[in-house]
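J.: what shape does this take:
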Amino acid sequence: MKLRWIAAVALLVGLLTGALGYAYTVVLPGLSVARQEPPALETNVATWLLHHSVPASVKAKRNPLGRDVTDIEAGHMLFQQKCEVCHAYDGGGKTEIGAGAYPRPPVLRDLIPKLSDGEVFYHIRNGIRNTAMPAWSMPDRQLWQLVAYTRHLPLIASMEPPATLQKVSASARYVGSQACQSCHQDVYARWSTTKMANVVRDPRLHPEAVVADFSKPNPLVTFSIKDVDFVYGSGWKQRFFHKVGNTYIPYPAQWDITNKTWSKYHVPDKGGDWWANHYPDPKGDNSGRPTGPLCDGCHSVHFDIATSKPAEWNVGCEMCHGAGSEHAARPTRNNILNPARMDYVQANDTCIQCHSQGQPLRNPIQGKYYDWPVGYHVGLKLADFWKLEPHRLGELSFTHFPDGTAHKNRMQGNDFTQSLMYARGVTCFSCHDPHGSPNQAILRKPIGELCMTCHGPNTQNGPHAISIEAHTHHKPGSPGSQCVACHMPQIEQTIANVNVASHTFHFTTPSMTDSLKIPNACNTCHRDKSTAWAADALAHWNDRSPWRMAN
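T.: Down below sits the predicted model:
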């Protein structure tokens, strides 16, 4: 009995000694150093205590506000006012105060999904002891509005490159988007209506895909719809392919959807796309321009250049998530790729592979010149397969304006990689939902609301003005008061007089139009005014630097 008592005391003394030793060597030296990262043990213990500090009755509470959009927006405004200073607009905690707090603010996008509504409510109301998280004395409704908004934080990719790139098993096979439908019914239903899911369609199977008017004779149209094996496009233009051998050839006429008219479609051998002189077309009918090396890698999933066959036509699920056979057989998080869990370079590569102008690093490949990144698939590093189209500053080219902004469509990636948004971890799918949405350009929110997800008057990301109208100098609700009007002007040609939005987010001044012939947002809207008028108007905006506006 005495020996047991002595052993117990010895054990207790040992534990106390160990605790004191840990405190002396790890905790005490850092008590006054907030820059120090918390040790893993401390973080794990604190997290465990945090989860077990909330009464069970509170954990079980559900948000009584549900998913009401008005309450979520109200929560967003409260988050901007109360939380952004530490947690940042995206919940990542990378702010001047947040980065200097001890312990660091958690990454809310990772933490919130693990907590119940009741837990989030409890921590906002009561604060968290021994951290910088205060207790907020607000009405319950406002607290619940904050709870609602924290589940809708912006999708910002990690700035830290992963230790290893995400990859799917080498034995995984492509099984087609249909294999995803049974488990992901809502996502599949939304995706199936998108333009990406319907890039190329057989008019015999999908007569509704034909938007061109074949009813009236036109000298440009030397074919009928019965001669068409694939129709391409449904947004701005529609082109028509016919099969020749194991590839397709585009007919030399296209339908301008906006202007409802036919126009010639033929890339000149010189002064146009880089690949044109490698595929000479003396007849001018595109008969020397096969879609296999020039188009099909982006109009399909896993196009095999050896067989000239894809795993699936159109931009299917596996284009962004990798070969899915193992995931379909045994669905787990670890046997499928998800760009949302990748760092910002990998995540954006998923889209840039097709939404950019460039060339494969090695060309020709097996005797052919390709206009898409042969060999790349999601999970790999795009820069190992693809180089963006080069540009010389000050030069107006087929692809670029003199400042490096894209001159033509399908160059969103060329633009975006120059932007501050890209450098801050914003991804293409931060704004666009590739699974589909009812909004223009499959945006996650209506265009007038989307930018406000991260930006707002006098917030960390600006604009630094008392209101949006004070920043834009346009009436509320007017086209000129939309963020995209100035920061994403439609200056990149897709067909005839139809342009698409720039993705550099730069503001082009009227003086740059005069000196470099780059269209500016002011005169793009005010077509009846001169650049001198636009420059004078900006000179009277006292919240803008006159020197910046003059350059």
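
J.: so what's the residue positioned nearest the centre of the chain up against?
T.: Centroid-nearest residue in the chain, with Cα atoms, centre = their mean: Cys428, separated by 1.4 Å. Listed by Cβ atoms under 8 Å, 6 or more residues apart in numbering, the contact set of Cys428 reads 347-348, 350-352, 355, 412, 416. Just so you know, the C-beta spots here come from the backbone N, C-alpha and C atoms, and that holds for glycine as well.

J.: same thing with Tyr422?
T.: Tyr422 makes contacts with 344, 348, 416, as judged by Cβ under 8 Å, 6+ apart.

J.: can you give me the strands for the stretch 251-400 of the chain?
T.: For the stretch 251-400 of the chain, the strands defined by DSSP state E, counting those that start in this stretch cover 253-256, 261-264, 300-301, 312-313, 358-360, 386-388.

J.: now do the chain
T.: With DSSP state E as the criterion, the chain has strands at 200-201, 230-232, 237-244, 247-250, 253-256, 261-264, 300-301, 312-313, 358-360, 386-388, 490-495, 498-501.

J.: how about the contacts of Tyr422 in TSV, adding distance to Asn246?
T.: Listed next are the contacts of Tyr422 as TSV, based on distance: Cβ to Cβ, whole Å:
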residue	distance to Asn246
Tyr344	38
Asn348	33
Phe416	35
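
J.: reformat those as JSON lines; add neighbour count and distance to Thr332.
T.: Output for these, formatted as JSON lines (neighbours: other Cβ atoms under 10 Å; distance: Cβ to Cβ, whole Å):
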{"residue": "Tyr344", "neighbour count": "21", "distance to Thr332": "25"}
{"residue": "Asn348", "neighbour count": "25", "distance to Thr332": "25"}
{"residue": "Phe416", "neighbour count": "23", "distance to Thr332": "32"}
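
J.: on that earlier part again, to Glu96, which of the strands of the chain lies closest?
T.: Closest to Glu96 of those, according to Cβ to Cβ: strand 498-501, at 32.4 Å.

J.: surely Gly404 touches Leu393?
T.: Yes - with contact defined as Cβ atoms under 8 Å, Gly404 and Leu393 form a contacting pair (6.4 Å).

J.: the more surrounded of those two?
T.: It is Gly404, of Gly404 and Leu393, that has more neighbours when counted by other Cβ atoms under 10 Å, with 18 against 9.

J.: nearest residue to the more buried one in space, please, no chain neighbours.
T.: Nearest in space to Gly404, with sequence neighbours left out and distances taken as Cβ to Cβ, 6 or more residues apart in numbering, is His391 at 5.5 Å.

J.: ranges for the helices of the stretch 401-550 of the chain?
T.: Using DSSP state H, counting those that start in this stretch, the helices found in the stretch 401-550 of the chain span residues 412-416, 420-423, 428-431, 447-450, 468-472, 483-487, 510-516, 521-525, 531-539, 546-549.

J.: so which of those is the most surrounded?
T.: Neighbour counts (mean count of other Cβ atoms under 10 Å) averaged over each of the helices of the stretch 401-550 of the chain peak at helix 412-416, with a mean of 24.

J.: check contacts around the closest residue to Glu119 other than its chain neighbours.
T.: Nearest-residue entry for Glu119: Val54, 5.1 Å, with adjacent residues in sequence omitted and distances by Cβ to Cβ, 6+ apart. The contact partners of Val54, by Cβ under 8 Å, 6+ apart, come to 118-119, 122-123.

J.: now render the residues you listed as CSV, adding neighbour count.
T.: As requested, these are arranged in CSV below (neighbours: other Cβ atoms under 10 Å):
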residue, neighbour count
Gly118, 19
Glu119, 21
Tyr122, 21
His123, 20
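
J.: what is the nearest of these to Gln254?
T.: Glu119 (56.2 Å).

J.: right, and the closest one touches Val58 too?
T.: Yes - using Cβ under 8 Å, Glu119 makes contact with Val58 at a distance of 7.3 Å.

J.: between the strands of the chain, which one is nearest to Thr459?
T.: Thr459 sits nearest to strand 498-501 of all the strands of the chain, at 23.3 Å, using Cβ to Cβ.
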